[in-house]
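Q: build the 3D model from these lines:
(chains A and B)
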Amino acid sequence: QQQVKQSPQSLIVQKGGISIINCAYENTAFDYFPWYQQFPGKGPALLIAIRPDVSEKKEGRFTISFNKSAKQFSLHIMDSQPGDSATYFCAARTGGFKTIFGAGTRLFVKA
Amino acid sequence: NAGVMQNPRHLVRRRGQEARLRCSPMKGHSHVYWYRQLPEEGLKFMVYLQKENIIDESGMPKERFSAEFPKEGPSILRIQQVVRGDSAAYFCASSSGQHSNQPQHFGDGTRLSIL
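A: Modelled structure (predicted):
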């Protein structure tokens, strides 16, 4: 019940295309859903986050879509660029601090 | 305007030795979290500390692992009598509080290798 399931495991997208990463959860007590971007040798960096009372949030080329009834949320990267090539983690937080991470998606954007 | 600082960046230990990982939170942050990341996996929560207090250590193995966040100085994650399975990247995060508008900021981790 504490898991966050993330797919796909890896993703190859052409430059200018849309990258889509999906996550699903079971625990309805989760109240905060961040996405992190991680480059090799670096720590995860907060990209964008959403609360379950909002169905969509957009920041620049990054959009989170949230479906509370289906307990699913997704990250869309519009106009994907080679610099977006990284590992992306969805996460869910409950109790104010305990963050549960998905297994990650390795994105490669072809130039 | 330094972020979360972790050291060392890389640590090599032989089986049975002790490993000490240090984390200095961002300025103004009093909440520290430790996570472990195995290759090709997501981060797994280990422990949450505030100054001089362990708030939640439910993700930390009961034996050989300990953590502290003293009144002065960095937070320390200590692994005694290391084994090969302890090889991983250990990340520290800090925040100014627990609310969703107080996100966790991560350091660049310590890569621990056990020979």
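Q: what residues does chain A have near chain B?
A: Taking Cβ under 8 Å from any Cβ of the partner chain as the test, the list of chain A residues beside chain B reads A:6, A:31-32, A:34, A:36, A:41-46, A:49, A:51, A:89, A:91, A:93, A:96-104. (Glycine included, C-beta is placed from N, CA and C.)
Q: quick check: residues of chain B near chain A?
A: So chain B meets chain A at B:4, B:31, B:33, B:35, B:40-45, B:48, B:55-56, B:58, B:91, B:93, B:95, B:98-100, B:103-109 (Cβ under 8 Å from any Cβ).
Q: surely A:V54 and A:F66 touch.
A: Yes: if you go by Cβ atoms under 8 Å, A:V54 and A:F66 touch, sitting 6.4 Å apart.
Q: of these two, who's got more company?
A: Under the criterion of other Cβ atoms under 10 Å in any protein chain shown, the comparison of A:V54 against A:F66 puts A:F66 first, with 19 against 11.
Q: how about the contacts made by the residue nearest to the more buried one when sequence neighbours are not counted?
A: Distances taken as Cβ to Cβ, 6 or more residues apart in numbering or on different chains put A:F73 closest to A:F66, at 4.5 Å, once the chain neighbours are dropped. Counting by Cβ atoms under 8 Å, 6 or more residues apart in numbering or on different chains, A:F73 makes contact with A:N22, A:C23, A:Y25, A:F33, A:I50, A:I64, A:S65, A:F66, A:N67, A:C90.
Q: which other helices and strands contact the worst-scoring helix or strand of chain A on mean pLDDT?
A: Ranked by mean pLDDT, DSSP states H and E, the weakest helix or strand in chain A is strand A:98-101, scoring a mean of 88. Applying 3 or more Cβ pairs under 8 Å, 6 or more residues apart in numbering or on different chains; DSSP states H and E, one finds that strand A:98-101 contacts strand A:86-94, strand B:43-50.
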